[in-house]
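J.: Generate a structure from the sequence data that follows.
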Amino acid sequence: MNLLNRLLFNLWYFRKPPWDTNISPPELFEFIQTHSVGRAIDIGCGTGTNVTTLARAGWQAVGFDFAPYAIQIAKRKIKKENVQADVFVDDASIMKNVKGCFNLALDMGCFHGMENKEDYLINLGKILVPNGFWLMYGFFKAAPHLSSPGLVETDIKMISTHGFTLLSRQNGFDKRERASAWFLYQKT
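T.: Residues are numbered from 1 along each chain as shown. Alright, predicted model coming up:
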């Protein structure tokens, strides 16, 4: 993402970004209820809503986002919720500040916006434990040739070439009526 887009994205957090609902999705609660606790990382955690949800459920929760102001809000939310969690600024294509390995990587709308999905997948493979899970939500591009964010089917096919097995895919639509899906992958 270029510098101007990063700045604009960060500025959204001085208002109310449309994607920041302060509500964890049912797909995350379903995962929490059906899997043993462990270490979890929220990639592109925004204001930390899902980090606090994971921490309240007993997970060792960590999150990062490239928007510094979102991380400031997340730190205040973690303190207010009185949970143990860590959040920091990082870039999902580099993940240079991520320490250790995780049983779960949560991504709600980060991967679909990445320009360099290949580097993201390489780094994701490094931070997930063997048999670790990647719970990912993304919306699809209206047309594959558009330069806007979104997934295309070739992105989904590329994921399997990086050692991830698709366990489930739940297709749907977002609030703006864009085709979207929840994916659950397991690192092989």
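J.: Output the longest helix belonging to this structure.
T.: helix 68-81 (DSSP state H).
J.: Give the ranges of residues in the chain that sit below the confidence cut-off.
T.: Scanning the chain for pLDDT under 70 picks out 1-7, 9, 11-12, 18, 144-147.
J.: Just want the most central residue of it.
T.: The structure's the chain has its C-alpha centroid closest to Asp107; by C-alpha atoms, centre = their mean the separation is 1.7 Å.
J.: how distant is the longest helix of the chain from the center of its chain?
T.: 17 Å (C-alpha atoms, centre = their mean, to the nearest Å).
J.: Pull out the buried positions in the helix or strand just after it.
T.: Toward the C-terminus, helix 68-81 is succeeded by strand 85-89 as the next helix or strand (DSSP states H and E). If you call a residue buried by 16 or more other C-beta atoms under 10 Å, then strand 85-89 has these buried ones: 85-88. Yep, even glycine has a C-beta here, placed from its N, CA and C like the rest.
J.: cool, and stretch 128-144?
T.: 128, 132-141.
J.: Which residues does stretch 24-32 contact?
T.: 49-50, 53-54, 57, 59, 104, 106, 108, 133, 135, 137, 170, 182, 184 (C-beta atoms under 8 Å, 6 or more residues apart in numbering).
J.: Pull out the buried members of those residues.
T.: For those, buried by 16+ other C-beta under 10 Å: 49-50, 53-54, 57, 59, 104, 106, 108, 133, 135, 137, 182, 184.
J.: Which of those fall in helices?
T.: 49-50, 53-54.
J.: tell me the SS of Ala40?
T.: What DSSP: H, G, I helix; E, B strand; the rest coil gives for Ala40 is strand.
J.: from the ones in helices among the buried ones among the contacts of stretch 24-32, which is closest to Ile41?
T.: Comparing those against Ile41 with C-beta to C-beta places Leu54 closest, at 9.2 Å.
J.: circling back to that earlier point, so how far is Thr188 from the residue nearest to the centre of the chain?
T.: 18 Å (C-beta to C-beta, to the nearest Å).
J.: could the buried ones among the contacts of stretch 24-32 go into a markdown table alongside distance to Asp119?
T.: Listed next are those as a markdown table, based on distance: C-beta to C-beta, whole Å:
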| residue | distance to Asp119 |
| --- | --- |
| Thr49 | 26 |
| Asn50 | 23 |
| Thr53 | 28 |
| Leu54 | 25 |
| Ala57 | 30 |
| Trp59 | 26 |
| Leu104 | 21 |
| Leu106 | 19 |
| Met108 | 19 |
| Phe133 | 21 |
| Leu135 | 20 |
| Tyr137 | 20 |
| Trp182 | 23 |
| Leu184 | 22 |
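J.: Measure how the top strand by length along the chain sits relative to helix 49-56, angle-wise.
T.: Of all the segments of type strand in the chain, defined by DSSP state E, the longest one is strand 128-139. Calculated by axes from the mean of the first three to the mean of the last three C-alpha atoms, to 10 degrees, strand 128-139 forms an angle of 140 degrees with helix 49-56.
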